[in-house]
Structure formats: C-alpha cells, structure tokens
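Participant: Quick one: sequence plus predicted model below, questions after.
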Amino acid sequence: MGLYEQHILPRLIDVVCGDRSFGWWRAEASEGLGGTVLEIGFGSGLNLPHYPEQVERVLAVEPSTVARKRAASRMRAAPVQVDFIGLDGESIPAEDDSVDAALCTFTLCTIPDVDRALAEIRRVVRPGGEFRFLEHGLAPDAGVARWQYRLDGIEQRLAGGCHLTRDPLELISRAGMDVTASRSAFARGPRPWTYLTVGRAVA
C-alpha cells in the first residue's frame, strides 16, 4: 500500500466515521451484546464507548496499523478487554462456534470478498448467536442510487475499496443468516454516502 492508503486514509476514516451523529446508530447496533464479541473492521475503536457492560471481551480484526494505534486511547478508557486477533475478515483466526456475537460497522462495504467474510462470521459465532451490523449502502431512492453507481468507481479508489452500491441486507441474507430486525434511513450528510442500515441477524 502507498502513503495515502497506509497513513492518510485511516485518519480520514477515523474523522468521518467518528462524527457524533453516528453515535446513536452505533449504540443501537451494540445494544444487548454480551460475553465475547468478535468485531470485524475494529478500526480506531469507535464502537468501544457503546458496548454494554455485559460484554466481557472483544476480539478485534483490523488490517490498519494506524487505526490500531489510534484505538489505543479508547481501549485504555474502555472497561472491556480488547484483543487483536487478525488482520483479515476473510480469514478469521478463531475456532468454530467460539464467540457469542459479532459486530461490524461500516465494514461490509470495503471487504473484497464479502461473501467469504460473512461465511467466516457465521462459522465463528455460536449457534443462535447474533451478528450485529451498521452499514451504508445502496439507497432505494432512484435518483440517489444513480449517483451511487456513477460515483462507485471513484469511491473505491479514494476510500480503500469502499463500495456505495452494496446492499447489506441482501449480502447478509445471501450468507445464510436470518435478519431478525433492521432499520434503514438517511443520516445527516450527502445522500450517496448516508443511507444507513442497522440491524441484527441470527448466525
């Protein structure tokens, strides 16, 4: 990776995804979690303040060294133990049925082989455990969707492979998970980037 992808982009993502307006979306995605939670795309630890006290341990998967370093202060302030276990959501170094739940936020848009990553999440989460998610994706508004398709190539080049046109609910269902609750709406900001879906699925 070049200078931009390795050093600048993780800082930009930290600022953009750390916007306070996303806080209550993150809280909704994390509500009710407990035990050991696998977090794919841990980033700079922006979800840590929203984890319930019932969460005992977070197993974090995050490829960016800069993001992991930026997470250090949030990890020190968090009451939950965080252990980095891997770099790649497509190959999670954890045993089958070994975690109580999984969480990802603003991550499915970027993983190159997202189907493989979701299969890995399904493998690692115990039977009956939940997969929680908060993702941006393809909007139902035809005018917004047209702009998303127009901008998708540029977005992938500038935002580390991020896709504007993925549908998180379709991806999760295709992975064989049952979506048990979801809510979608436009958040504050430019509409091609801010059609968000928060929800839970049984893995």
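Facilitator: Everything's here; your move.

Participant: What segments of this protein are helices?
Facilitator: Along the chain, the segments classed as helices by DSSP state H run 3, 9-17, 23-30, 65-70, 72-77, 114-124, 142-158, 168-174.

Participant: and the fourth one, average pLDDT?
Facilitator: What that stands for is helix 65-70. For helix 65-70, mean pLDDT is 95.

Participant: Most tightly packed of the helices of the chain?
Facilitator: helix 114-124 (a mean of 20; mean count of other Cβ atoms under 10 Å). From N, CA and C alone the C-beta is placed, and that goes for glycine too.

Participant: Outside of that one itself, list whatever touches it.
Facilitator: Helix 114-124 has contacts (Cβ atoms under 8 Å, 6 or more residues apart in numbering) with 38, 40, 89-92, 94-99, 102, 104, 108, 111, 131, 166, 171-172, 174-177, 203.

Participant: circling back to that earlier point, which one of the helices of the chain lies nearest to residue 84?
Facilitator: helix 65-70 (6.4 Å; Cβ to Cβ).

Participant: packing partners for that closest one?
Facilitator: Other helices and strands packing on helix 65-70, by 3 or more Cβ pairs under 8 Å, 6 or more residues apart in numbering; DSSP states H and E, are helix 9-17.

Participant: Is there a quick PyMOL command that grabs whichever of the contacts of helix 114-124 are buried?
Facilitator: For the buried members of the contacts of helix 114-124, the matching PyMOL selection, counting by 16 or more other Cβ atoms under 10 Å, is:
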select buried, resi 38+40+89+90+92+94+99+102+104+108+111+131+166+171+172+175+177+203
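
Participant: if you look at the contacts of helix 114-124, which of them are in strands?
Facilitator: 38, 40, 99, 102, 104, 131 (DSSP state E).

Participant: Am I right that the third one is in contact with residue 59?
Facilitator: Yes - Residue 99 sits in contact with residue 59 when judged by Cβ atoms under 8 Å, with a separation of 6.4 Å.

Participant: Quick check: neighbours shared by those two?
Facilitator: With Cβ under 8 Å, 6+ apart as the test, residue 99 and residue 59 both reach 36, 37, 38.

Participant: Out of those residues, which is nearest to residue 138?
Facilitator: Out of the shared contacts of residue 99 and residue 59, the member with the shortest distance to residue 138 (by Cβ to Cβ) is residue 38, at 25.7 Å.

Participant: Specify the beta-bridge partners of that closest one.
Facilitator: residue 59, residue 102 (DSSP bridges).

Participant: Contacts only, for it.
Facilitator: 58, 59, 61, 92, 94, 99, 101, 102, 103, 121, 124, 125.

Participant: so where's the chain shaky on pLDDT?
Facilitator: 1 (pLDDT under 70).

Participant: ok, now which ones touch the nearest residue to residue 104 once chain neighbours are set aside?
Facilitator: In space, residue 104 comes closest to residue 40 once its chain neighbours are excluded; the distance is 4.3 Å by Cβ to Cβ, 6 or more residues apart in numbering. Residues near residue 40 by Cβ under 8 Å, 6+ apart: 61, 89, 92, 102, 103, 104, 107, 111, 117, 121.

Participant: switch to 6 Å and redo it
Facilitator: Shown in contact with residue 40 (Cβ atoms under 6 Å, 6 or more residues apart in numbering): 61, 89, 104, 107.
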